[in-house]
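A.B. asks: any chance you can model this:
(one chain, ligands or ions: 1)
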Amino acid sequence: MNRTDPQEAATPGDVAATDGASGNGLLPAQQRPRIARPVKLPERIAAAIVSDIVSDGLRPGDRLPIESVMRERFQVGRASLREALRILEVHGLISLRSGPGGGPIVTAVNPRDVARTFSLYLNMSGARMHELVQARIFIEPMVARMAVSNRDPASLKRLEEAMAYEASIPPDDERYIEAANNFHYTLTTMTGNRVVDLLATALKELYTTRVVSWGVASRTTEPSIRNEHREIGEAILAGDAGRAEELMRQHVTYYLERMEADPSSLSNETVTWG
Ligand SMILES: [Zn+2]
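C.D. replies: Sure, this is the predicted structure:
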């Protein structure tokens, strides 16, 4: 077990960016702290627990040690430990069950939780939907290129299955959105890069849940999307990284154009928390 001392878990040497946009709601660049804020004890314990989960190779569904063992391990009181566990639960990293046989259980990393936390900050900063789609114009073409360079027989099979599933669902079927999302999510898993996978999936999730919750899902189900997905998929299957990247750039750029051309556009809606 990795004996991380929670007192040492903080990394105060992190230096924040000192340039860049200071848009609506964001702390201006010159006021951003150069040194990260001090980290409180429960947060340090939470970080040490995450460190243990990773170094011990715990998988979703595995139990964490019981409370008395963790208190001994981290040399902390009950209140601090419970607050640490609550922090992890809020972030969707563990589930807490009470009663006999209860206790903290490791859960799978879910991009939906990443998206939810990110949306809180986006909401506070006043970020708009078109900014979200603009960001996807940068990351999605990279996903398509990496899906080609990291492809292997198993991932190509998953892509073929995702394409066949999307092709089998009529555009006016409510399951089409799920099938179209599945195409994108399959590509992100093909990148072989967990940062790109999580980031791209979280951004896509933020976009989809808001479009669906605002009741405009039908506008995303036009036939052109099905064709664009098929062409991107075929370029990846053919091993053409340049074409896959360019087709994906066009595909996400069309999203932005469609959104901005719509009279009841979501383009200027704030990205809300949730
Ligand atoms: Zn798409």
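
A.B. asks: give me the number of residues near Ala79?
C.D. replies: By the criterion of other Cβ atoms under 10 Å, Ala79 has 10 neighbours. The way it works is simple: take the backbone N, C-alpha and C, and place the C-beta from them, glycine included.

A.B. asks: how far away is it from Ser68?
C.D. replies: Distance, Ala79 to Ser68, by Cβ to Cβ, to the nearest Å: 14 Å.

A.B. asks: after the helix or strand bottoming out on mean pLDDT in the chain, next one along is what?
C.D. replies: In the chain, the helix or strand scored least confidently by mean pLDDT, DSSP states H and E is helix 194-213, which has a mean of 88. Scanning forward in sequence from helix 194-213 by DSSP states H and E, the next helix or strand is helix 223-237.

A.B. asks: beyond that following helix, next helix or strand please.
C.D. replies: Counting by DSSP H and E, what follows helix 223-237 is helix 241-261.

A.B. asks: elements contacting that next one?
C.D. replies: helix 129-149, helix 223-237 (3 or more Cβ pairs under 8 Å, 6 or more residues apart in numbering; DSSP states H and E).

A.B. asks: for Arg82, which non-adjacent residue is spatially closest?
C.D. replies: Glu67 (8.0 Å; Cβ to Cβ, 6 or more residues apart in numbering).

A.B. asks: so what's that neighbour up against?
C.D. replies: Contact analysis of Glu67 by Cβ atoms under 8 Å, 6 or more residues apart in numbering lists 78, 81-82, 103.

A.B. asks: of the residues you listed - the most surrounded one?
C.D. replies: Result: Leu81 is most packed of those (other Cβ under 10 Å), 21 neighbours.

A.B. asks: in what helix or strand does that one lie?
C.D. replies: helix 78-90.

A.B. asks: quick one: mean pLDDT for that helix?
C.D. replies: Taken as a whole, helix 78-90 carries a mean pLDDT of 95.

A.B. asks: after it, next one along is what?
C.D. replies: strand 94-97.

A.B. asks: list the buried residues of that next one.
C.D. replies: The neighbour-count check on strand 94-97 (16 or more other Cβ atoms under 10 Å) flags Ile94 as buried.

A.B. asks: now swap in stretch 148-155 and tell me
C.D. replies: Quick answer for stretch 148-155 (16+ other Cβ under 10 Å): 148, 151, 155.

A.B. asks: output those residues as a markdown table; include the columns pLDDT and distance to Arg32.
C.D. replies: Output for the buried residues of stretch 148-155, formatted as a markdown table (pLDDT from 0 to 100; distance: Cβ to Cβ, whole Å):
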| residue | pLDDT | distance to Arg32 |
| --- | --- | --- |
| Val148 | 98 | 37 |
| Arg151 | 94 | 40 |
| Ser155 | 96 | 39 |
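
A.B. asks: and which of the residues you listed is nearest Thr253?
C.D. replies: Val148 (19.6 Å; Cβ to Cβ).

A.B. asks: give the contact list for that closest one.
C.D. replies: Contacts of Val148 (Cβ under 8 Å, 6+ apart): 235-236, 239-241, 244.

A.B. asks: and the pLDDT for the nearest residue to it once chain neighbours are set aside?
C.D. replies: Residue nearest to Val148 in three dimensions, not counting chain neighbours: Ala241, with 4.0 Å by Cβ to Cβ, 6+ apart. At Ala241, the model reports a pLDDT of 98.

A.B. asks: likewise for the one 4 residues further on?
C.D. replies: The model reports Glu245 with a pLDDT of 98.

A.B. asks: mind listing what the residue nearest the centre of the chain touches?
C.D. replies: Compute the mean C-alpha point of the chain, and by Cα atoms, centre = their mean the closest residue is Ala202, 2.7 Å away. Remark: with contacts taken as Cβ under 8 Å, 6+ apart, Ala202 is in contact with 111-112, 114-115, 118.
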